[in-house]
Every structure is written in C-alpha cells, then in structure tokens.
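Student: build me a model:
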Amino acid sequence: MKILLFGKNGQVGWELNRLLPQLGEVVALGREQADLADADSLRQSIREYKPDVIVNAAAYTAVDKAEDQARQSMTINAEAPGIIAEEARGMGSLMIHYSTDYVFNGKSEQPYTEVDKPDPINVYGESKLAGEKAVQASGCHHLIFRTSWVYSSRGSNFYLTILRLASKMKEINIVSDQTGAPTWARLIAETTIEVLRSAIDEIAEGGFTSDLYHLTSRGKTSWYGFARQIIDNIKTGNGKSLSSVPVINPISSEEYPTAARRPANSSLDVSKIEKQYGLRLPEWDKSLLSFMQTVV
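Tutor: Predicted structure coming up:
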C-alpha cells in the first residue's frame, strides 16, 4: 500500500509519520515539499506518487491570526482539502482529513455529536467547516476526524505555553469558562491507524462507507482545569520539573479578550467512533498523565 502524508511536521503529522509505516510505504511531505496554498504543486505531488491512501494532517491553525488572514486560512483549510479530495476520487484513493471542535458555536450544554448542526463563530472554524464540506462533496472515499485542544511535546500548543509561562511567572491567569477535551496528538494518530486498518479491509470487501467522526479524549475540562492538571502532575513528579510552581488563577473570557471568539463549550461526543470501531478512548486527564510521564 502506498500512503501519502501531508503535514509531516505538525503535531499529529509527526506522530502519524512514525506509525503509518505499519500499514505500507509512506511518503511524508512538509510545507517545503508541498505547499497547500499552491494548487498546481499540490496536484502534482499527488499525481506523481499515485497513493492508495492520502492523509491530510496539514492545516492553518493560528486561530487569532486567521481573523486577519481569512484568505490564507480558507486556501489551506478549505480549498486545499477540496483539491486533495478531487485527486483522491480520480485515483480511487481513500482520504483521511482532520477537522476541529471549533465548527460549533459552543451554545450547547451537552457534548456535540456528529449530527449536531455546525455554526462556527470564528474564521478558523468557518474555514475548517468549508474543508469538511469540500471533502464530502468530492465523492471520494473519505474519513473526517474532528478533534480538539491538541497537545504534544512539539509545535505550538497549550501544554507548552503553560510550561513556558510557569518557568518565569509566579501566577498565571487562565480562562475558566471555555470547556473542551484536551487531546494528545499520539492518541489521534494511534486511533487513526486502528480505524484505517478497518477501512482498508472494508474497501477491499466493497463495504466501506465514508463518514465523519469525533476523535478526542473522553470527558471535558476548562482551560483553567487543563492548566491546573498540568501543574498538579508536575507537583507529583509526573512531568518536567520546575524550579518553582506557579499559582493558577481562573478568569473569564471577558478578562482575556482575543481576536477570535471561542465557543464556550466545544466538547465532542465520541460514542460514534467508539461503537463503530470497538474503541474505548481514554479520559483526558489519564491521557495527559500518560503523555507527561513520557516526556520527563
């Protein structure tokens, strides 16, 4: 099997690049090898390799910057996935694509399911929703995974931000009225591999159905709760040590204005993917502990 991976240097892409060789021959491309903003280059990359599976882990993820860079966000998050999907359809390839919890407006008091109507409240969410629709409209074999609050030991993410702030501040103020599910990039990659194994068999047997799934850790917390758990894990010797441990203070979203609005609740219901593929995804705090124990 030939697998083409876009976004090899991202948080999820890096983990996928380690795991996908279990399934076949992998060509992994970063921004230097494949510019998603260049449609011709993107098509050429796909046609040269002629993959059986295309995994798109590349995205424009700067949520606040997207408010002023809407064109770039839409090009990478919506138009590029559409192009990839068109090429996948032409070759009969399977496409794996990642989306986000930010396609929802956050007004629900319950975790969002796959049948809940998206209603993004920022440009980033709008561009990711447009990407979902482009993939679905293409007619290619596809699996779309919506994930949330992704963290790892590389790239730019909330976990690394807390470590950086904790190394130089005695007190850190963190928003406490936005909830979601912190999700380890490795969990996303490992679950993708499990689902992909099944999908490959289903395609071979003629029983595959393209679909969209929520893929996050179970449970939910606030950004404040996430930060507290990171610090608590460090206090108990799980994680990188700090010369001093800061106090974490809860604040409201109004006290921490950002360019892009965030949904108050963006937790996702993962029961569909668990039932379909016989999975049991971990609780967010247990997954975070496992992650921090690996990066000491």
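Student: residue contacts, G10?
Tutor: Each residue near G10 by Cβ atoms under 8 Å, 6 or more residues apart in numbering is listed here: 57-59, 61, 155. (C-beta placed from N, C-alpha, C; glycine too.)
Student: quick one: which of those is most hemmed in?
Tutor: Neighbour tally across the contacts of G10 (other Cβ atoms under 10 Å): the maximum, 28 neighbours, falls on A58.
Student: SS state for that residue?
Tutor: When the structure is split into helix, strand and coil by DSSP: H, G, I helix; E, B strand; the rest coil, A58 lands in coil.
Student: hmm, P81 and it touching each other?
Tutor: No. Using Cβ atoms under 8 Å, A58 makes no contact with P81, being 9.1 Å away.
Student: report the contact partners of L4.
Tutor: L4 makes contact with 26-27, 29, 45-46, 49, 51, 53-55, according to Cβ under 8 Å, 6+ apart.
Student: mind doing that once more with 10 Å?
Tutor: The contact partners of L4, by Cβ atoms under 10 Å, 6 or more residues apart in numbering, come to 20, 25-29, 34, 45-46, 48-56, 84, 87-88, 93, 95.
Student: from those residues, which would you call buried?
Tutor: By the neighbour-count criterion of 16 or more other Cβ atoms under 10 Å, the contacts of L4 include these buried positions: 20, 26-29, 34, 45-46, 49, 51-56, 84, 87-88, 93, 95.
Student: elements contacting the lowest-mean-pLDDT helix or strand in the chain?
Tutor: Lowest by mean pLDDT, DSSP states H and E among the helices and strands of the chain is helix 39-49, with a mean of 93. For helix 39-49, the packing partners by 3 or more Cβ pairs under 10 Å, 6 or more residues apart in numbering; DSSP states H and E come out as strand 2-6, strand 25-29, helix 80-91.
Student: would you turn those into TSV with mean pLDDT and distance to Q178?
Tutor: Putting the helices and strands packed on helix 39-49 into TSV (pLDDT from 0 to 100; distance: least, Cβ to Cβ, whole Å) gives the following:
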stretch	mean pLDDT	distance to Q178
strand 2-6	98	29
strand 25-29	96	33
helix 80-91	97	26
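Student: out of these, nearest to A185?
Tutor: If you check each of those against A185 by Cβ to Cβ, strand 2-6 wins as the nearest, at 13.9 Å.
Student: the helix or strand just after that closest one to strand 2-6, inter-axis angle?
Tutor: Moving toward the C-terminus from strand 2-6, the first helix or strand encountered (DSSP states H and E) is helix 11-19. Regarding helix 11-19 and strand 2-6, their directions subtend 150 degrees when assessed with axes from the mean of the first three to the mean of the last three Cα atoms, to 10 degrees.
Student: for I193, which non-adjacent residue is closest in space?
Tutor: Excluding the flanking residues, the one nearest I193 by Cβ to Cβ, 6 or more residues apart in numbering is L19, at 5.1 Å.
Student: ugh, wrong one, K65
Tutor: Closest residue to K65 apart from its sequence neighbours, by Cβ to Cβ, 6+ apart: A259 at 7.6 Å.
Student: give me the three-state assignment for that neighbour.
Tutor: Each residue gets one of three states, and A259 gets coil by three-state DSSP.
Student: next: the one 4 residues further on.
Tutor: Assigned by three-state DSSP, the conformation of P263 is coil.
Student: find the nearest non-adjacent residue to it, please.
Tutor: The spatial neighbour of P263 that comes closest, neighbours along the chain excluded (Cβ to Cβ, 6+ apart), is G106 at 2.4 Å.
Student: tell me the contacts of the nearest residue to L4 once chain neighbours are set aside?
Tutor: Nearest-residue entry for L4: P51, 3.8 Å, with adjacent residues in sequence omitted and distances by Cβ to Cβ, 6+ apart. If you count contacts by Cβ under 10 Å, 6+ apart, P51 has them with 1-5, 24-27, 45, 87-88, 91, 93-95.
Student: what of A62?
Tutor: By Cβ under 10 Å, 6+ apart, the residues touching A62 are 68-69, 72-73, 124, 156, 259-260.
Student: so where's the protein uncertain?
Tutor: Segments of the chain classed as low confidence (criterion: pLDDT under 70) are 296.
Student: and the helices in it?
Tutor: Secondary structure of the chain (DSSP state H): helices at 11-19, 39-49, 70-74, 80-91, 123-138, 158-166, 185-205, 223-235, 271-277, 284-294.
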